[in-house]
Structure formats: structure tokens, C-alpha cells
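*Asks:* Here's my sequence, what's the structure:
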Amino acid sequence: MANNSYSGVKNSLVEANHEGEFGCSLKELRALMELRGAEALEKIGETYGDVPAICNRLKTSPIDGLSGQPADIEKRKTVYGQNFIPPKKPKTFLQLVWEALQDVTLIILEVAAVVSLGLSFYKPPDAERDHCGKAAGGVEDETESEAGWIEGAAILLSVVCVVLVTAFNDWSKEKQFRGLQSRIEQEQKFTVVRGGQVIQIPVAEIVVGDVAQIKYGDLLPADGVLIQGNDLKIDESSLTGESDHVKKTLEKDPMLLSGTHVMEGSGKMVVTAVGVNSQTGIIFTLLGEAEDDDDDEEEKKKEEKKKSKKVYKKQDGSVENRKKAKAQDGAAMEMQPLNSDEGADAEEKKKANLSKKEKSVLQGKLTKLAVQIGKAGLVMSAITVLILVVLFVVDTFWIQNLPWVKDCTPIYIQFFVKFFIIGVTVLVVAVPEGLPLAVTISLAYSVKKMMKDNNLVRHLDACETMGNATAICSDKTGTLTMNRMTVVQAFIAEKLYRKVPEPESIPSSTLDLLILGIAVNCAYTTKIMSPEKEGGLPRQVGNKTECALLGFANDLKRDYQIIRNEIPEEKLYKVYTFNSARKSMSTVLKMADGSYRMFSKGASEILLKKCHKILTANGEQKVFRPRDRDDMVKKVIEPMASEGLRTICLAYRDFKASDGEPDWDSENDILTALTCLCVVGIEDPVRPEVPDAIRKCQRAGITVRMVTGDNINTARAIATKCGILLPGDDFLCMEGKEFNRRIRNEKGEIEQERIDKIWPKLRVLARSSPTDKHTLVKGIIDSTVTERRQVVAVTGDGTNDGPALKKADVGFAMGIAGTDVAKEASDIILTDDNFSSIVKAVMWGRNVYDSISKFLQFQLTVNIVAVIVAFTGACITQDSPLKAVQMLWVNLIMDTFASLALATEPPTESLLLRKPYGRNKPLISRTMMKNILGQGVFQLVIIFTLLFAGEKIFDIDSGRNAPLHAPASEHYTIVFNTFVLMQLFNEINARKIHGERNVFEGIFNNLIFCSIVFGTFIVQIVIVQFGGKPFSCVSLTIDQWLWCTFLGFGSLLWGQVISTIPTSRLKFLKTAGHGTQKEEIPDEELEELDDMEEIDHAERELRRGQILWFRGLNRIQTQMDVVSAFQSGTSFQGALRRQASNSSQQQQHDIRVVNAFRSSISLYEGLEKPESRSSIHNFMTHPEFRIEDSEPHIPSSMTQTQRTTLPPNETPPAPGTPLFPQTGLEGLTNPPDDRREDFL
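*Replies:* Residues are numbered from 1 along each chain as shown. Modelled structure (predicted):
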């Protein structure tokens, strides 16, 4: 990077011409920006005089900025550099090829191929081979033995193919990732003043001398000096490591540095250094140089790590961990033009905590599965080689009783190499190196498509995590609502107006004060612009609540811009900017007579407490007592809030000149004794698509919670409109204060147990601070109440949402309303700020998971069959029926092509009809295991029939026991061809993994899939008909082809047979590919859980009558059990607190009762309404009442498929009522609703 970095020296000639035109050289400005605080002020004073003088020297105006002439901008870029840091060079294609060659199995194959090649060229001195044993003889003619080199060469060629495909995939992935970077780069714009106009330009276009407007939430894109600031506080921790916010003022510290965050306030700065000359740029340049100069292994390794960030390493099948990426993102990810490689400077700081971060769910499961399969493959291939060698040695030296002749050594070695190649081929087919490829392709494809669905994914595996999400904590404004605010009601001059009043009906003195207050006490960056299209709505720029107030001023037929022109921002005496602690904003004006007037606006219930007076109908002040305030809350604020309006209070206060200047820093004394001007109700309509999106989430098993800063009535009204709250639901809505009171103990510490009592029922958290949001997210993630760990997604737009976004499993930042800080902390940016885009993200996430499962189902079938065929074939016929090159072709089909075909299936709405999988759900469910084993058995039967009886069926010569360099046979070609065709048809079967019948559904929506299957078929025809010696094939007749195709098609028909068998009947099936759990769940429990969770369509096809019949029997059985248990006088508590001394008969009774309740959930969930299930059946999920001692034996009439439910006319008891009145069991109440749901 040092080589291509822009430096002042390089352009010394150009600078010599231009430098005279500007009063500061690049060097001077760089030196100035390295100073801080008092030192910097001193330097500015000595060298330049003051900040306007610097502007003067840079030929810019503090008020109007640069002229914006293209020539001037170009000149500045030439002299001072561009605001851009050259990125690191990407890996070349050759480097990627070299990396792909590092694959262990490929190296083994290469070695074997080279040895095989070398030996095929070696000829024994005398060509008499008869004395070397039967196997070596029988070579037909000279040309055949000469063609021995072909196999070695073909293996090498296939290795080259595999390597090139892998390298190409890695290369396109890297390219895609860079494309994503540049997309984020273009997204980021910054506000500057040019030619007196405030415009937004891409960050890379900023030049030295630009006057930039900075506001709360910005990430500074360049270094600069403050021209004017209001209450400005900056977080410089990314550069200095100090976490305290630094106050920036003209008097004390005006230096602003790139890569730092504006945490409060607003202001203007003149840009003094950009790109590689800014403070962040200098750090990056140093980092780059350190890497260039230092050729230590350590450095190289680090660089590798950095480069391979977000690029999946093929060998370990791992998805670059999202959390790690977050930790390393440092200051730079969002500030793309100033970004060479993400946050390398932060990397060192964060190294310590990296090891603790957990892997992404899918990555953990895949790595574990790949290792298990790899080990099995290694064992199988070792045994294959061993058996082949032993059989050969026994046959040649013992049965044929031949001596070891020196001349025969090369021939024997050739045999051993052949055996070794067969062993390696078994290994190659067994090791699923396609797994990482499938994950990568699937994620890369999803990310690309998600762009179109308004999801800009910053960390690849956030996409997959989203599929497991169980909870979404969403903001209200802009996400659930349209973020287009308008004032619809107002309380002015003691009168409540249901629509915007006519200006004539308001006293003119009150109106003047109101318009002045709105004009100066809204950020000057907020404006109402004329509509883009004729007849459209006016455009709102900036803070939407302030836009509503400015719109209100316009509706009152007054122009706020006239006032702003009279009182420019520089003339504002003091500004207390809005922050989440104040919940208000105030601006102080100095009047002509030396007095001060302060205007305030803020949340009505907060600001009204500080009002001591109110303006009457004739514009005079009168005392405003607490009693009046309570009246106002009841009559004005609550009715507005219950209609979903946000209420804002506008007030003012005069400070007399005679009292002297107040102490502006003691805010509590300043922000009191206000006079209330008016209270407005602002409407922000719910986005029309949100209620439907929320319904989809709830159906998909995802709980949506609203976390908002609005008051509780407004929040409740909006939540009801959205469908987060439904009438008659027993859910909690609470305010931040109440939430904090409930979750803290006497010492004020947060306790997890207390949070656990609240969050399952909490749906709306109002008047919440960002800390509350973070606490809630952390509480839900750390909770152990539910059976599975919750996976939480959070949306945020403010700077202070950063911690919650980082803590969440998936953080969504708003692309339009979001601040740079929020975007940087997030994993996905919603480019349209819309909640329904989150639902799309869930769909894509689940789709990734299913794609991987589809691929696994296909791959494992091929693996099992190929390995068994090669193994048994080798042991029985001393030669693998599938040759090394053929195996490599199969490997290519099933790894690269299948991963492309199955990983690019588009998502369907049906993905949202199931519950989230959870972190411990195995990758390979029992239905999938049924499909894999079923197809495996079918394919093995066909292959072995062809192998051992094929020559009789087709009336051809047998290909078994052929000598070393024998030509290819029709027999083995048919075996190979049938095998490949069965895989092709099975690829269509693999499209469905939940036992659906119709495997063709939606097949034409996926062109990639169709073209790959069709393409593979064409290539297969070419290989068989024209492959000849390299592929060990002979061309087949039309009849033979039809038979092969028919047998292949058989796997589709067989798939239908398999899907008819209900999975629950096959108790022996196990699952595979579990995530690593913290506490391993016993197998039996997992099996039970799986039985309940899995969608098995065969099961659903049982007739409804049967179910009702079972249910009736079951209910009678249950009632009898309960009656007999209670008749025998055993209280139910006895069952729960069982003593060891109890008689076995008594235990029997207790177990019967428990049994009656244990057989609770109906498998036929789809056929009953959830309300019809009584919570009585679920008390077993309540942790206090687990029965550990013995597993009850379910009577024969109560098998697993028979479960109890309440009769339709019975209603379940209300939550909290005792389950067993008058039975000594009053202590038992229902478990919370969501526990019930989770158990289901």
C-alpha cells in the first residue's frame, strides 16, 4: 500500500505550480491535524490567526463553502489528495489456484497419479510376464500396454479441473465481496455546503476546503477544524482508545478527526485533510507499510488471515465468523472510502476477545459433520487398500505359490499403486469437500438476491442466523410506521383542535412566538422541500418529527425560512441538542435589549412538568398548576396518544437582562419555569404492509416486540394496529422505568431471574432508553427459561442503538434514517427501512439452511453408495467397479455442480409456515435420514445386481477380474452409466427434505438447476460414447442407454415409495449433524422432540376419522386413569414429591396420573386449533415438576400417536387459575404461554 499511496512528494512538481494558489501546504495541514486541544489552538493562533483565516487561505467561505467549480475541485484533489484509501490488492487467480492445490486429498491423488504415470513408462527387460502371476498376464496387444499412462494423466487432468473450479469459485466470491464493499461505499453520502447550497455528496468526493455540516450520529469522513458547533460531543475511542466523549468547542478543542463518531450536537467544520493524509489514513498507511516491509512468517500469517476475511477457506469448511468480523470492523467498515481493509487497526485491540466468540450455528454443525464423514472415509479407504493388498499377496504368493522375481517388481509395484489409487479415490468420494462450497455458494447467492429485497448484508452469515431467529425487537418510527410525520391535532390557546386550526383563530402574539420557536428550535439541516413530482407530497429532509413541526408552520400559512434567513445558525446563542437522556431540545436567542429567550420542544409529559405558566385564549400568561397539568394529560394527551399520535409540547422562557447572564451549564436551573405554547399530536401512519408481515412472523414462530421511545398509549395503539398486540391477549406493555424497577434487586443490580419473569410476555416497551433496549436483548439471549437459546434480531437507527445492535445475533440498521454509527454496528442494512424486508431476510435465512440440507441429502446418498460399491467391489473382484477418473467425475457432479444446483433454489412462502429450527436442530433430520438410507439401499441393489449379474442380463462379456491394463468393458460402462443417471434423478428427489410428494414443484423457477441437470446429462453421454480409455468407457447401444435411463428414473419412483412410509414408524433412524450444545441433551429426549417437530406429510395423510377415533378412546382412557388414581387416595403431590420408601403399588398409581397428563400433545397439530389444547397437559414443561425417577410405561392403548385434547366446547382455564381446585393442588398454576408454545 505504501507504494501506491498518495504522498506529497510524488506530486512535488504539480504542487509547485498549485501550492502558491492556496495559503497552506499539505505538510502544514498534516502537522496541524496531529495536534490536540490547547496545543492546536496555540498553533492556529500563531500561524493562521483563527479558523476563518484558515478558510481564507484554503479559498473557501465558512458560510457558502466552495464554489463547486469542477476545475477547482480537481485542483484541490491534485494538491491535497482524494478522500480515498487504495484498497489492498486482491489475490490473483494463480494465488487462489495455489491455495486450492493445498487440499490434502488432492495432494495424495497427485502423488499417486505421478507414480502411476512413471511406472506405466517403465518396461521390464523381457516382456515375458507369465511368471509374474495370472493377474499380470493377458494383455492383448502392445498398444494396450502403451495406453497405461492414460489413467495417470486422466487423474492429473481431473485434479486440474477440480482445482480450477475451486479457484474460480473463490475468485468470484472475492469479486462479489469487493462489489459489496463498493456498494456500501456508494451508499454513504455526507452533507457539505457548496456555492451556498447544502448538498449531499459521496464521501469520496469530499475535498480539502469543503465546509461540511456535522450532526448527531455521523461518522466523520475526513479531518477538519470546527467553524461553529452546538453542544458537540465526539467519541474518539476508535483513534485514542479513550471511551469518554470529548467536548468540541472553538475555545477549547476545535480539532475533528476522521473515523470518529458524533455522539451529540451539531456544527460545521472546514475539511483540512482527506484520504491517506487524514489521521485514519495515516494509520492505514503505516499498517500497510509494516506489512510490506516485514517478511516474517508471523506477518504473512496475519495478512493471510486478514485477506481471507469473509472468504471461506475450503479445507475447514468454515464460514467466516460474523462475530469475529464484527469485532474486527473497527472504525472503518462504514467509512468505506477511507477503508483499505476492514479495521485492521482495531484487530490488534480485539484479538484478546476473539477466542471467546462462538461460531455461527451452521458453521459449527457443518464443521462437526464434515470431520465425522472425513474420518469415516479415511477408515474405509485404509481398509480398502489393506484388503486389496492382502488379497493380491495371498493370491499371488500363496495360492499360485510364485516366488518374488526381481524382474516382476515394477509390475507388482504397479499393482500396489493401482490399489493405492483406488483407496485414495474412495477417500476423495467420501470427503465432502463440496460442503464449504455449497455453503459459500448458497450464502453468496442469497446475499446477491437479498440486495433486491432491500437487505444489504454486511456479514455473510448473518443471513443464515436470521433463519433461526425466534425474536425480533423492532423500533416503531420508520420501521413499523411510514416515518412521514404530520401534525393532525393541536391544543393552542386553551382550545383543542381536531385538525390544524386556521391562523385567524389563534392570537397573533401566540402565533408569532410559535412560528419563531419552530423555526429556530428545529435543526437547520431539517427542511421541507418542494415535491419531486407535480401534485406529490412535499419532501421531508432531516429529522421527521421536526419536519412535521415545520409542515405545521407552513399549514399555518407562515414561512419558517424567512425567520431562518434573518437568524442564521451562527447567531443562535446556545443550543441544547436533543439526546435520549434529555428527551427535549432547546435553543437560546439573545434579544436586542440584552435579555435571552429560550425555546424548548420535547415529549409532552416530560416538558409539561417543567411548565409553570400557559398562554391563554387572548395570548396572556396564566399560572399552570399541577392540577391543571393532570387535567391536560387526561383531556388532551391521553386521547391523542390512544389514537396512536405522538404528542410534542412546545414551550418558551424569557431571562431578563436585569438578572444578568444565567449559568448555561446548570441545565436543571435553565430548563424550568417554562411557559407552554401548545401541544401538538403528530401522526405517523403504520406502513400498509406491516400487519401482514407481522402475522407471517407470528405464524413462523417469531415473536415481534416493539421497543420505542414514544409514550405508552401511543405505543400500545400502534402495536394494536400492527397486530403485535391482539385484543384479549394476556401480554405486557410497560415503560422503561417500570421495566428497570422490575429487573433490578435492592442494590440496583440487574438480575437474570427477574428479566426471565418479564420478557416471555413483554410485547411493548415504551419510553425506553437505548440502555433498556440493550438490557432486554441481552436478557433474552442469556435466558435459559426456554428449551432453546433465543436467537434475537434487533432493528436500530440511532447512534445509541449501537450496543444493542452489536449484542443481538442479527442487527438491522436503517439505510435511510440510520446513522453511520448504527450502520457500522449492524449486520444487515435495510435499504428501505421497512419491517417487511426483515421477513424476507428470515425467508432467505431459512432457505440457506434448507439448501444446505438438500445438498447434504444428495451428497450423502452418493457418498454412501460410491464408498460401499468401491469397497465391496474391490474386496470381491480385486478392482473397483468405478475407476479413479470416473469417481472424480462423480465427485465433480455431486460436489461442485450439485452444490450450485441445490444451493440456488429460490425461497418460497412455505418456509414461513414452520417454527425456527433452533441451535440444536440436527442438519440431517430423521426424514432426511430415511430418504438417504432408502435411496442408498435402492441404488446398491441395482448396482450390485448389474455388477454380479449384468453380463447375463445384457448378454455381454463380464468385466470382472480383468488384468492390469485390460481394455474397458461394456459391463463396467453400464454400471458406471447407471450409477451416474441414478444420481441425476436423485438430485431432483433431493429438492424436498420434509417428505413432500411433489418433487417437481417450482422446478422451472430455478433455471440454474434445470441447466445443470440437463448439462450433466449431455456431458455424461459424451463421456460414455467418446470417453474411451481415459474414462475406461465403451460406447453403448440405444437399448443399453434406455435401460440405464430407466433404472436411473427408478430412483424418482422409489422416492415416492419412501415418502409413503411415516418416519415415526422407523424408530431406528438417528439424526446427524447436531450443533455443539452447551449441555448435551440426552438422545431419547431429542428423538421425542424431533418426532414432534418434524413435518411428515405421510403422517398427515392418515384419515381424519382415525384421528378422532383415537382421540375418543384416548380421552376415555385418560379420564379413567385420573379417576382411578384419585380414587386410590393418592394426592398428586405425592407423585411429585415421591419418597424412596413408597410402595411400588402407590408409585404405579402416581405414574398413571402423570401418564394421563404426559400423553399431551397431539401429533396432528395441523388439524386442531391451538385454543383447543388445555394448558393442563403442559404442566410437565414447568421446570419445578420434572419427574426424574422413572419413565412411565404408557399402556398399549395410548401409543405415541394418541394424544389428548379438550373437547371443542370446553374452554381452557384462564391463565393463573389453579389447575386442580379442591384437590390439594392449588399451588400449581399454568406455565407461561410461551413455554407451552416452546414445548410444542
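
*Asks:* From now on I want contacts and neighbour counts done on CA atoms only, so please keep to that.
*Replies:* Will do.

*Asks:* quick one: low-confidence parts of the stretch 201-350 of the chain?
*Replies:* 288-350 (pLDDT under 70).

*Asks:* Break down it into its strands, ranges please.
*Replies:* 211-215, 223-235, 245-248, 255-256, 261-273 (DSSP state E, counting those that start in this stretch).

*Asks:* Could you list the paired strands of the first one along with their orientation?
*Replies:* The strands beside strand 211-215 in its sheet (DSSP bridges) come out as strand 189-194 (antiparallel), strand 261-273 (antiparallel).

*Asks:* what about dumping the CA coordinates of the longest one to PDB?
*Replies:* Coordinates of each C-alpha in strand 261-273 appear next as PDB, following Å, rounded to 0.1, in the frame of the first residue of the first chain:
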ATOM      1  CA  HIS A 261     -18.300   9.500  15.900                       C
ATOM      2  CA  VAL A 262     -20.500  12.400  16.600                       C
ATOM      3  CA  MET A 263     -22.400  11.400  19.800                       C
ATOM      4  CA  GLU A 264     -24.200  14.600  20.400                       C
ATOM      5  CA  GLY A 265     -24.900  18.000  19.000                       C
ATOM      6  CA  SER A 266     -24.200  19.500  15.500                       C
ATOM      7  CA  GLY A 267     -22.000  22.000  13.800                       C
ATOM      8  CA  LYS A 268     -19.900  22.900  10.800                       C
ATOM      9  CA  MET A 269     -16.300  22.100  10.000                       C
ATOM     10  CA  VAL A 270     -13.800  23.000   7.300                       C
ATOM     11  CA  VAL A 271     -12.100  19.900   5.900                       C
ATOM     12  CA  THR A 272      -8.300  20.100   6.200                       C
ATOM     13  CA  ALA A 273      -7.100  16.600   5.400                       C
END
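
*Asks:* Let me see the mean pLDDT of the strand or helix carrying Asn56.
*Replies:* Using DSSP states H and E, Asn56 sits within helix 51-57. Mean pLDDT, computed over helix 51-57, is 87.

*Asks:* wait, isn't Lys930 in contact with Thr1071?
*Replies:* No: proximity of Lys930 to Thr1071 does not meet the contact threshold set by C-alpha atoms under 8 Å, at 9.8 Å.

*Asks:* Could you check which of those two has the larger neighbour count?
*Replies:* Neighbour count, other C-alpha atoms under 10 Å: between Lys930 and Thr1071, Lys930 has more, with 24 against 19.

*Asks:* list the contacts for that one?
*Replies:* 1058, 1063, 1069 (C-alpha atoms under 8 Å, 6 or more residues apart in numbering).

*Asks:* can we see that at 7 Å?
*Replies:* Contact analysis of Lys930 by C-alpha atoms under 7 Å, 6 or more residues apart in numbering lists nothing.

*Asks:* Backbone dihedrals for Val487, both of them.
*Replies:* The phi and psi torsions at Val487 (degrees, to the nearest 10) take the values phi -80, psi 120.

*Asks:* and what of Thr945?
*Replies:* Dihedral angles for Thr945 - degrees, to the nearest 10 - are phi -60, psi -50.

*Asks:* Just give the number of residues close to it.
*Replies:* 13.

*Asks:* Then Gly660?
*Replies:* Applying other C-alpha under 10 Å, we find 11 residues neighbouring Gly660.
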